[in-house]
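1. Below are the sequence and a predicted model; questions follow.
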Amino acid sequence: MTLSLHAQRGLSYLQQHPVIERPEPPAPLSWDSPALDVMIDLSRVEVPGVAYDTPIDEARATMEQHKVQQQLVMDAAGRLSGIVTLREVIGGRRITIAMHQHDIARNEVTAGMVQTPCESLHAMPLAQLERLSVGQLIETLRASGDQYLLVTQGDREQPPRLRGLISATDISRALRLDLSLLPGARSFADICQVVLGHEL
């Protein structure tokens, strides 16, 4: 369809190849950065989730496909049941315990059997996280020894909703702490102790 003369006003042919505008790269993460910078915002990022009864090999395949280190585990109602990590579904003590407790073979072990249940995970309101720096958040994780922190949002009249997830491993990677050199570091407290040589 041919444009009318009125619609063509302001149009012209390019006389040279223009430079392509690029977004500004994000500022490097530092201890003074807002703690929100390290939160996985579930309102913006789709985090892979698995059902409680998903076999661990299937959960592992999903994590490897999406190149993530953890998954949210959902109960039958679609609510958060816990978090399962790639390390836990590859192999380890939790799989062995599940096999003995339920008297089942390895291929019958499910993500829910090896998860860290949400009742064992600490949570922080989004409003509180907004007031923290990355350094202050690290101190909080170090004090609790948590590898993961749930971020909730809601008011007193409604039950809290899961708004975000914070991973100590993600923070360490962003701050360029090489976790591969820390074979004994299981919690963030261990990481800080090994890397810094002292407590925070």
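-> Received it, and whenever you're ready, just let me know what you need.
2. can we go C-alpha only for contacts and neighbour counts from here?
-> Fine.
3. quick one: the helices in this structure?
-> Remark: helices assigned in the chain by DSSP state H are 5-8, 56-66, 86-90, 93-102, 111-114, 126-129, 134-144, 168-174, 188-196.
4. Mind putting those helices into JSON lines with mean neighbour count, distance to Leu29 and mean pLDDT?
-> Below are the helices of the chain laid out as JSON lines (neighbours: other Cα atoms under 10 Å; distance: least, Cα to Cα, whole Å; pLDDT from 0 to 100):
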{"stretch": "helix 5-8", "mean neighbour count": "8", "distance to Leu29": "47", "mean pLDDT": "56"}
{"stretch": "helix 56-66", "mean neighbour count": "17", "distance to Leu29": "24", "mean pLDDT": "93"}
{"stretch": "helix 86-90", "mean neighbour count": "17", "distance to Leu29": "25", "mean pLDDT": "90"}
{"stretch": "helix 93-102", "mean neighbour count": "15", "distance to Leu29": "34", "mean pLDDT": "93"}
{"stretch": "helix 111-114", "mean neighbour count": "25", "distance to Leu29": "32", "mean pLDDT": "96"}
{"stretch": "helix 126-129", "mean neighbour count": "15", "distance to Leu29": "16", "mean pLDDT": "96"}
{"stretch": "helix 134-144", "mean neighbour count": "18", "distance to Leu29": "8", "mean pLDDT": "88"}
{"stretch": "helix 168-174", "mean neighbour count": "17", "distance to Leu29": "6", "mean pLDDT": "87"}
{"stretch": "helix 188-196", "mean neighbour count": "18", "distance to Leu29": "17", "mean pLDDT": "52"}
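5. Val151: which of those is closest?
-> With distances scored as Cα to Cα, the stretch of the helices of the chain nearest to Val151 is helix 126-129 (5.7 Å).
6. helices or strands up against that closest one?
-> Applying 3 or more Cα pairs under 8 Å, 6 or more residues apart in numbering; DSSP states H and E, one finds that helix 126-129 contacts strand 148-153.
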